[in-house]
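Asks: here you go, sequence then predicted model.
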Amino acid sequence: MSLKTAYPKTMEKLQNEEIDEIRKLIVVDENYDDIDSDEFDVFDPSEYNYLVYITQRLQDVLGKEKLEKLIERLDEAEEFQSFYANEIDMYGVMTAMENEEKIAQTILTKVEEILS
């Protein structure tokens, strides 16, 4: 399924850009014990098993007000046992989902709801 089909409101806001990978909008990486990482101090892997970064592209689509609304929705989302927004674009999540793409899709679905 294409991103345009799955997330029409979001993709419409990216008018002139051809985005074919969800990672160009939301980056999700597993959080693991890495004592050299700056994120380790903020996002303890035992509390947040994934790190989420909202790219500048998607930040521009949402704007500050809708980004704050996204944070609220993610904090309330049943898919995440724990959620922490260290910055407006960087989050830690604890979830049973074991697939970075599925997590990104869940977040992008929340974005789509906000834009509707």
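Replies: Noted; the coordinates are in hand. Small disclaimer: the values here were computed from a predicted structure and weren't measured.
Asks: right, and the helix or strand after the longest strand along the chain?
Replies: In terms of residue count, the longest strand belonging to the chain (DSSP state E) is strand 80-87. Remark: after strand 80-87, the chain's next helix or strand is strand 90-95, criterion DSSP states H and E.
Asks: elements contacting that next one?
Replies: Contact here means 3 or more Cβ pairs under 8 Å, 6 or more residues apart in numbering; DSSP states H and E; on that basis strand 90-95 packs against strand 50-54, helix 56-76, strand 80-87. In short, each C-beta sits where N, CA and C put it, glycine included.
Asks: let's see 7 Å
Replies: strand 50-54, strand 80-87 (3 or more Cβ pairs under 7 Å, 6 or more residues apart in numbering; DSSP states H and E).
Asks: need the residues that contact it.
Replies: With Cβ atoms under 7 Å, 6 or more residues apart in numbering as the contact definition, strand 90-95 has outside contacts at 31, 43, 47-53, 74, 79-86, 103.
Asks: now with 10 Å?
Replies: Strand 90-95 is contacted from outside by 26-28, 31, 39, 42-54, 70-71, 74-75, 77, 79-86, 102-103, 106-107, using Cβ atoms under 10 Å, 6 or more residues apart in numbering.
Asks: direction included, what does it pair up with?
Replies: strand 50-54 (antiparallel), strand 80-87 (antiparallel) (DSSP bridges).
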